[in-house]
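Undergrad: after the sequence you'll find the predicted model.
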Amino acid sequence: MLWIEMGFKFCFKQSSADAISSHMKSRMLLVLGLLLVGVQPVLAQRWTISPFAGYRFGGSLQSSSTGAEILIDDSLSYGLELDFDPMDSGLKFALLYSHQGTTAQLTDSLLNPSVDVDVDQIMVGAIQELYDDKFRPFVGAYVGATYMQPTGYENDLKFGFGLAVGMNYYITKHFGVRLDLRGFGTLINGDTGFLCADGSCLVEWSGSVMWQGEAAGSIFVTF
């Protein structure tokens, strides 16, 4: 009888342990399933990084004091765009940096006919791909700042905005080439100066917008 009782207790304990183990496994599988469901939208989120090189053109302003033009020379440009597609839908949020090293031509200045200046655009925006295929045209818009750094003078930070059209070509799912045509506007709001040092400005102008265009090509990686 003792052996039968011990065997019964052992079998009962073993069955209870198996039941508990099976219950824990079921709960673990349920938790794992919920985690996978929660992680899936994150996995679907896509980032694209696009280093580019291009050509910046245009850019002129008029001095309010003399009426003469200040011309920004056309030159090479380069930069980087980081895009984030939260729904994998073709609508991407963008962070854009574009740099141009150029020269400002001062047509009314005999002492300083030209000044080297760096023009940087730092902007956020969105682009929308129009088709879900290897060739994907897109449109985009940006807002941010234009940062002008003339050699020997004070730096100048202005509100900027941009529009873009272009084409993405996906060679593979995660790699491709991109062409952009962008237009940048820099708002010169109010009576301000350019090329300023020690409280005085070499050029003064009144409120207007400086327009520039940029054609660029890049290789992008999506992950």
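TA: Ah, there it is. Numbering: from 1, shown residues only.
Undergrad: rest of the way, CA atoms for contacts and neighbours
TA: Noted.
Undergrad: just the strands in this protein please.
TA: Secondary structure of the chain, counting by DSSP state E: strands at 46-57, 60-62, 69-72, 75-85, 91-106, 114-129, 135-150, 156-172, 175-188, 192-197, 200-205, 208-222.
Undergrad: okay if I get those as a markdown table plus mean neighbour count?
TA: Listed next are those as a markdown table, based on neighbours: other C-alpha atoms under 10 Å:
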| stretch | mean neighbour count |
| --- | --- |
| strand 46-57 | 19 |
| strand 60-62 | 18 |
| strand 69-72 | 20 |
| strand 75-85 | 19 |
| strand 91-106 | 20 |
| strand 114-129 | 19 |
| strand 135-150 | 19 |
| strand 156-172 | 17 |
| strand 175-188 | 19 |
| strand 192-197 | 17 |
| strand 200-205 | 17 |
| strand 208-222 | 18 |
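Undergrad: dump these to JSON lines, plus mean pLDDT.
TA: Below are those laid out as JSON lines (pLDDT from 0 to 100):
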{"stretch": "strand 46-57", "mean pLDDT": "96"}
{"stretch": "strand 60-62", "mean pLDDT": "76"}
{"stretch": "strand 69-72", "mean pLDDT": "82"}
{"stretch": "strand 75-85", "mean pLDDT": "96"}
{"stretch": "strand 91-106", "mean pLDDT": "94"}
{"stretch": "strand 114-129", "mean pLDDT": "94"}
{"stretch": "strand 135-150", "mean pLDDT": "95"}
{"stretch": "strand 156-172", "mean pLDDT": "95"}
{"stretch": "strand 175-188", "mean pLDDT": "94"}
{"stretch": "strand 192-197", "mean pLDDT": "70"}
{"stretch": "strand 200-205", "mean pLDDT": "68"}
{"stretch": "strand 208-222", "mean pLDDT": "94"}
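Undergrad: quick one, domains of the chain?
TA: 1-43, 45-222 (automatic domain parsing).
Undergrad: report the contact partners of residue 216.
TA: Residue 216 sits next to 52-55, 179-181 when contact means C-alpha atoms under 8 Å, 6 or more residues apart in numbering.
Undergrad: change it to 6 Å
TA: Residues in contact with residue 216, defined by C-alpha atoms under 6 Å, 6 or more residues apart in numbering, are 53-54, 179-180.
Undergrad: okay, the residues you listed in JSON lines with distance to residue 84 next?
TA: Converted to JSON lines, the contacts of residue 216 look like this (distance: C-alpha to C-alpha, whole Å):
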{"residue": "53", "distance to residue 84": "21"}
{"residue": "54", "distance to residue 84": "22"}
{"residue": "179", "distance to residue 84": "18"}
{"residue": "180", "distance to residue 84": "17"}
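Undergrad: for the residues you listed, which one is nearest residue 162?
TA: Using C-alpha to C-alpha, residue 180 comes nearest to residue 162 of the contacts of residue 216, at 12.1 Å.
Undergrad: so the closest one sits against residue 166, correct?
TA: Yes - under the criterion of C-alpha atoms under 6 Å, residue 180 makes contact with residue 166 at 4.4 Å.
Undergrad: residue 186 and residue 94, how far apart?
TA: Noted for residue 186: a distance of 19 Å to residue 94, by C-alpha to C-alpha, to the nearest Å.
Undergrad: can you check residue 136 too?
TA: Look at residue 136 and residue 94: by C-alpha to C-alpha, they are 16 Å apart.
Undergrad: cool, and residue 158?
TA: For residue 158, the distance to residue 94 equals 20 Å [C-alpha to C-alpha].
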